[in-house]
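Enquirer: Would you be able to build a 3D model of this:
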Amino acid sequence: MSFFNPFRRAKVEREEGKILIQVKWGKEKFNIPIPSPSLTPLSTLLATLSAQTSLPLDQLKLIYKGAVLKDSSLTISSYGIEDGSTLVLIGKNGDIPSISPSSSNGGNNENTINKSNGAGIVKKKIQQPETDQENILIEWINNLIENLLNPLIPSILTFISQTNTSSNNLNKPKIIPKFEILQKEHARLSENLLKALLDLDGININNSNWIEARKARKLGVKKIQNELNKVDEAWGERKRIGG
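Expert: Numbers count the residues shown, from 1 in each chain. You can find the predicted model right below:
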């Protein structure tokens with residue numbers, strides 16, 4: 001079959017299962033086509049993202065449905081990634097895009113990324129307890145999740161109420177912040193939630209029998225990922241209206 005005919009080529013691509021996925025990196029979003037997900041390894045996607053973000057390839061982490069994709073030799077489809085799937089990208093050293101100073105003057109920084117080293121981010125090392133008892137580690141993980149997420153919940157709820165312009169919004173505040181202020185708040189919340197995901201992923205569970213501890217960590221990742229999705233969806237609706 002000739003590929004010079006665009007209609008025939010489109011048909012072949014659909015038959016091969018070409019998909020389009022979205023990767024979130026802080027407030028940035030990348031729409032990336034995957035021609036053959038059953039044949040394309042994760043390493044190819046990571047190489048593409050490394051070129052897009054200028055982050056070193058060995059420092060990239062992708063999260064899908066609350067789990068870190070660790071084996072780059074596996075294919076895209078083997079992870080259950082399909083057309084329209086959304087993944088989250090994090091640098092191992094906490095590298096995420098930060099707000100450009102120009103945004104304080106009301107500039108549109110939708111495509112502005114600090115790609116060097118996550119400037120302005122002070123990352124504290126989480127001290128994990130040394131223990132041979134799984135229940136102690138589980139309790140520590142649960143407390144860590146609460147400490148990471150609970151301080152952000154009031155701000156998340158406020159942000160969602162401020163971005164919901166629907167007449168059915170019963171929690172709509174009397175004074176709605178300006179578009180630029182909401183933009184900064186979205187970036188702040190996204191940054192903190194992404195850092196929380198990174199902290200959870202950094203937990204070491206070396207004992208292969210500690211299944212419940214792994215479940216606790218995975219549940220925490222899903223909780224934080226869910227809040228990140230809420231924030232992004234609320235901001236997406238607000239952006240449709242514009243400034």
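Enquirer: host element of the closest residue to residue 69 other than its chain neighbours?
Expert: Nearest residue to residue 69, sequence neighbours excluded (Cβ to Cβ, 6 or more residues apart in numbering): residue 62, at 4.6 Å. (Glycine included, C-beta is placed from N, CA and C.) Assigned by DSSP states H and E, residue 62 belongs to strand 60-64.
Enquirer: Off-centre distance for the next helix or strand after that strand?
Expert: Heading C-terminal from strand 60-64, the first helix or strand you meet, by DSSP H and E, is strand 67-68. In terms of Cα atoms, centre = their mean, to the nearest Å, the centre of strand 67-68 is found 11 Å from the chain centre.
Enquirer: after strand 67-68, next one along is what?
Expert: Where DSSP H and E defines the elements, the next helix or strand beyond strand 67-68 is strand 86-91.
Enquirer: Please report how far the spatially most central residue of the chain lies from residue 52.
Expert: Nearest residue to the geometric centre of the chain (Cα atoms, centre = their mean): residue 88, 3.0 Å. Separation of residue 88 from residue 52 (Cβ to Cβ, to the nearest Å): 14 Å.
Enquirer: now do residue 86
Expert: For residue 86, the distance to residue 52 - Cβ to Cβ - is 16 Å.
Enquirer: Residue 40 too?
Expert: 16 Å.
Enquirer: repeat for residue 130
Expert: 39 Å.
Enquirer: ok so residue 197 is a helix residue?
Expert: Yes - the assignment for residue 197 is a helix, going by DSSP: H, G, I helix; E, B strand; the rest coil.
Enquirer: what's the nearest residue to it if we skip its chain neighbours?
Expert: residue 224 (5.5 Å).
Enquirer: can you count the residues close to that neighbour?
Expert: Neighbours of residue 224 under the rule other Cβ atoms under 10 Å: 24.
Enquirer: Give me the buried positions along the helix or strand harbouring it.
Expert: Under the criterion of DSSP H and E, residue 224 resides in helix 211-241. Under the neighbour-count criterion of 16 or more other Cβ atoms under 10 Å, helix 211-241 has 213-214, 216-217, 220-221, 223-225, 227-228, 230-232, 234-235, 238 buried.
Enquirer: elements contacting it?
Expert: Judged by 3 or more Cβ pairs under 8 Å, 6 or more residues apart in numbering; DSSP states H and E, helix 211-241 is in contact with strand 86-91, helix 134-149, helix 153-163, helix 179-201.
Enquirer: how about these, which one is nearest residue 21?
Expert: Closest to residue 21 of the helices and strands packed on helix 211-241 is strand 86-91 (Cβ to Cβ; 6.5 Å).
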